[in-house]
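Engineer: Model the following, please.
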Amino acid sequence: QVHLAESGGGSVQSGGSLRLSCLVSGRIHGPDTMGWFRQVPGKEREFVAAVYWSGSDTKYADSAKGRFFISRDSAKNTFYLQMDNLTPEDTAIYYCAVRNGLKGDIKSQWAYDHWGQGTQVTVSS
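Structural biologist: Residues are numbered from 1 along each chain as shown. Have a look, this model is predicted:
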């Protein structure tokens, strides 16, 4: 059983930075994917970024490119989302997730098998 625990959310002003962490417990395999999604009330959960556990290949939503950076530390069983130059539009609950294997669309929430509890990110203008 895989368990995910996020940390690092909070409140910042526009232009600020935050780093989210996701500690993974349980068995993770090379092809597995670590992803970050976010959700605001009344909207669907949207893809932010993903990284393969076995390597450095990464994917980003257009809204995240150039501002967010996803990474993983296999020795610590943790992956991260560094968020810079935040704007009020980034305000959301952020979730980390694990996709077992390579099934489905890496950018679709429905391809992911395990989820964290979510952490609130609030950006004020």
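
Engineer: Taking the centroid of this protein, which residue is nearest it?
Structural biologist: The centre of the chain sits closest to Trp36, judged by C-alpha atoms, centre = their mean, with a distance of 1.9 Å.

Engineer: Spatially, which residue comes closest to that residue, not counting chain neighbours?
Structural biologist: Nearest non-adjacent residue to Trp36, counting by C-beta to C-beta, 6 or more residues apart in numbering: Val48, 4.3 Å away. Heads up, the C-betas are built off the backbone N, CA and C, glycines and all.

Engineer: helix or strand for that neighbour, which one?
Structural biologist: strand 46-52 (DSSP states H and E).

Engineer: ok, the residue nearest to Trp36 - how many residues close by?
Structural biologist: 25 (other C-beta atoms under 10 Å).

Engineer: Same question for Gly15.
Structural biologist: Using other C-beta under 10 Å: Gly15 sits among 11 other residues.

Engineer: is it true that it touches Asn85?
Structural biologist: Yes: shown here, Gly15 and Asn85 form a contact pair, counting by C-beta atoms under 8 Å, at 6.0 Å.

Engineer: Ser11: what secondary structure?
Structural biologist: Here Ser11 is recorded as strand under DSSP: H, G, I helix; E, B strand; the rest coil.
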